[in-house]
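Enquirer: Sequence and predicted structure are below.
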Amino acid sequence: MAEPTFLVDINVGDLTKWLRAMGYDAVCLPHASDAELIGRALADGRVLLTRDAEIARRRVVSTGRVRALLLGPHDLMHRLRLVADEVGLDSVGRAFTICLECNQRLRDRPKESVREVVPAYVFRTQEAFKDCPACGRVYWQGTHWARMRRVMADLAPDRQGAPQ
Ligand SMILES: [Zn+2]
């Protein structure tokens, strides 16, 4: 089965960067109407994530032509876990492959090529670098990434039911 891609309603827009961090194609259209959201989800075959029960009741959704997940008033981590469980995401294995800002697939970048680009400390301590073909942002697995990775590891299925 093809990997799932997502369309994130602005009412759960904070999921967008987390899905990208997990390596999934996720688009958020802040100014789109409900009809535009549904049209895009249908055209792209994206799973629509929303808190809007009106959207979930639409015929195109109830008949399954558009797959939508109706999320409750949960916190971000709870929502992310619901999505991961429902859609069956690999929360760790694909991490660090998509630009958090523009949803493009990252490219490997030779270490030597970022010498003048990243802070000296980062250059000394990191070995693997990637960059985004769209915005040029350079990524490495630093402390911010390590924090996100711990959170994502907690979402992995084998951790379900573990004591909080
Ligand atoms: Zn980018």
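Expert: In hand now; what should we look at?
Enquirer: Tell me which residues touch Leu71, please.
Expert: Contacts for Leu71 were tallied using CB atoms under 8 Å, 6 or more residues apart in numbering; they are 12, 49-51, 79, 82-83. Yep, even glycine has a C-beta here, placed from its N, CA and C like the rest.
Enquirer: Surely Ile10 and Pro30 touch.
Expert: Yes. Using CB atoms under 8 Å, Ile10 is in contact with Pro30, at 4.8 Å.
Enquirer: which one of the two has more residues nearby?
Expert: Shown here are Ile10 and Pro30; by other CB atoms under 10 Å, Ile10 has more neighbours (16 against 8).
Enquirer: What confidence value was assigned to the more buried one?
Expert: With respect to pLDDT, Ile10 has a value of 95.
Enquirer: now do Pro4
Expert: pLDDT, read off for Pro4, is 95.
Enquirer: And Pro73, by the same measure?
Expert: 88.
Enquirer: where does the closest residue to Cys135 other than its chain neighbours land in three-state SS?
Expert: Using CB to CB, 6 or more residues apart in numbering and skipping residues adjacent in sequence, the residue nearest Cys135 is Cys102, 5.2 Å away. Put simply, Cys102 is coil when judged by DSSP: H, G, I helix; E, B strand; the rest coil.
Enquirer: give the contact list for Cys102.
Expert: 132, 134-135.
Enquirer: Please verify my assumption that Ala53 contacts Ala68.
Expert: No. The criterion here is CB under 8 Å, and Ala53 misses it with Ala68 at 10.3 Å.
Enquirer: Neighbour count: the two, which is higher?
Expert: Ala68 (24 against 9).
Enquirer: Need phi/psi at that one.
Expert: phi -130, psi 140 (degrees, to the nearest 10).
Enquirer: ok, it touching Leu48?
Expert: Yes. Using CB under 8 Å, Ala68 is in contact with Leu48, at 4.1 Å.
Enquirer: Show me the common contact partners of those two, please.
Expert: Common neighbours of Ala68 and Leu48 (CB under 8 Å, 6+ apart) are 41, 55, 61.
Enquirer: will you turn the residues you listed into a markdown table that also has pLDDT and distance to Thr5?
Expert: Listed next are those as a markdown table, based on pLDDT from 0 to 100; distance: CB to CB, whole Å:
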| residue | pLDDT | distance to Thr5 |
| --- | --- | --- |
| Ala41 | 97 | 9 |
| Ile55 | 92 | 17 |
| Val61 | 92 | 17 |
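Enquirer: Filter the residues you listed down to the buried ones.
Expert: Among the shared contacts of Ala68 and Leu48, the ones that count as buried by 16 or more other CB atoms under 10 Å are 41, 55, 61.
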